[in-house]
Each structure stands twice: as structure tokens, then as C-alpha cells.
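Q: would you be able to build a 3D model of this:
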Amino acid sequence: MDIYLIRHTQTAAAPGLCYGRTDIGLTAGFTEELQKIRAKLPPLASDCLVFSSPLQRCRLLAEALSGQVRFDDRLLEINFGAWENTPFTAIDEAALRYWTEHFVESTPPDGESFTDLWRRAGAFWQDLVCHEAKQVVVVTHAGTIRALLAQVLDLPLANAFQFRIGLSSVHKLHYTPDYTYIDYLNQ
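A: Numbers count the residues shown, from 1 in each chain. Here you go, the predicted structure:
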């Protein structure tokens, strides 16, 4: 099964805004970015499975790629809780530093840890590989892609942020019952 993990396009969020679950819109450049993503993908088969985070920054892209999208809350970005939709400069510096140094297990107030994200992304992955599809597209967020890669590669979670996950990037994996191959990252 060929699996394409795609990060959403550029959002209209103000620079320096902390957002994970906040439903941020897209920039006017969406159509151009969509064409670039399509150029990175092979033709999608009529039976290609398309999954997406329900947030509009993913939903709009997934719906532009396919008329048959399955939305899954397990593909949501990390929940920053009380920090959502707040400029990073307005977050208590000591609390933010503590979280960035301990993000694997630490949570923002009323949020979730990277381990929480990894668990729900892992549950999605376990369900995904049960499908008998030849081609799958997953439109999601940088944190979720990192969690999925950590799952597939059995990486220590603290190492997941060593993956640079660019906006509009495509990452191709090839799943077999015996092994999952990484064909490429950040196309």
C-alpha cells in the first residue's frame, strides 16, 4: 500500500500564533499550493482512500484532492489547550520553556502531550493498515506526521521533532504486512 502523508498548505494565522486545534483559515495562495501538491502526487486511483483531519486547513485540501474524504479526529494537531490562539510572546516564558523541554510527557494547561498525540495517531495507523487499499492519502498536520513517522520507525518520541515537516509537503511510505518503507520525506 502506498501511503502519502500530506501537510496542509499555508494558513492565514498571524506570525507567532500558537495554534493546534484552532480552526485557522488558508491564505489566498491555496490554489497555487494545491497545484504544487498535485504535481508531487501520482494520479489518484478511483479507489484511493483519502483521510483528513477535520480542521479546514486540511479539509479543504483533502476535498480538493478527492470527492470521497473520511474525516478522523485522530488526525488533529496537538491540543495546546489554554495556549490555543495565543501569541507565543503572551505565554508565560517559564511555562513555555518547560513544555518545549519536556513536550513528550508535559502538557500545556488543559492540552495534551506529544505522547497523547502519538497514541491517537498510532491508533489511526493501526486501523489504516487493515485496509486493502493500494493507495492512501492522509491530509494532516506537522505534529501528526511526526507522530506517525515515530510510530512507523519506532523512534524515541523526543527525536520526532528532528523531522522537518514543511507546509504543503508530501511524504511517501510503502506499507507491507512485513515492513513499512520510507520512500521519501518532504517532497
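
Q: show me where the chain has helices.
A: 30-40, 56-65, 93-101, 114-128, 142-153 (DSSP state H).

Q: any chance of those helices in CSV, plus mean neighbour count?
A: All C-beta spots, glycine's among them, are computed from the backbone N, C-alpha and C. Putting those into CSV (neighbours: other Cβ atoms under 10 Å) gives the following:
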stretch, mean neighbour count
helix 30-40, 14
helix 56-65, 21
helix 93-101, 12
helix 114-128, 18
helix 142-153, 22
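
Q: quick one: which of those is nearest residue 72?
A: Taking Cβ to Cβ, helix 114-128 is the member of the helices of the chain nearest to residue 72, at 6.0 Å.

Q: contacts only, for the residue lying closest to residue 172 once chain neighbours are set aside.
A: Nearest non-adjacent residue to residue 172, counting by Cβ to Cβ, 6 or more residues apart in numbering: residue 183, 4.1 Å away. Shown in contact with residue 183 (Cβ atoms under 8 Å, 6 or more residues apart in numbering): 2, 172, 173, 174.

Q: can I get the helices of the chain in a markdown table with distance to residue 80?
A: As requested, the helices of the chain are exported to a markdown table (distance: least, Cβ to Cβ, whole Å):
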| stretch | distance to residue 80 |
| --- | --- |
| helix 30-40 | 24 |
| helix 56-65 | 15 |
| helix 93-101 | 9 |
| helix 114-128 | 11 |
| helix 142-153 | 10 |
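
Q: redo those helices as a markdown table? Include mean pLDDT.
A: Below are these laid out as a markdown table (pLDDT from 0 to 100):
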| stretch | mean pLDDT |
| --- | --- |
| helix 30-40 | 97 |
| helix 56-65 | 98 |
| helix 93-101 | 97 |
| helix 114-128 | 98 |
| helix 142-153 | 97 |
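
Q: do you know which of these lies nearest residue 7?
A: Taking these one by one with Cβ to Cβ, helix 142-153 is closest: 5.6 Å.

Q: need the contact partners of the closest one.
A: Against helix 142-153 from outside (Cβ under 8 Å, 6+ apart): 5, 7, 20, 53, 75-78, 114, 117-118, 121-122, 124-125, 138, 140, 155-157, 159-161, 163, 165, 171, 173, 180, 182, 185.

Q: hmm, try it at 7 Å
A: Counting by Cβ atoms under 7 Å, 6 or more residues apart in numbering, helix 142-153 makes contact with 5, 7, 75, 77-78, 117-118, 121-122, 125, 157, 160-161, 163, 165, 171, 173, 180, all of which sit outside it.

Q: now the residues you listed: which count as buried?
A: Buried by 16 or more other Cβ atoms under 10 Å: 5, 7, 75, 77-78, 117-118, 121-122, 125, 157, 160-161, 163, 165, 171, 173, 180, out of the contacts of helix 142-153.

Q: for residue 74, give its distance to residue 162.
A: 23 Å (Cβ to Cβ, to the nearest Å).

Q: between the two, which is the more surrounded one?
A: Between residue 74 and residue 162, counting by other Cβ atoms under 10 Å, residue 74 is the more crowded of the two (19 against 10).
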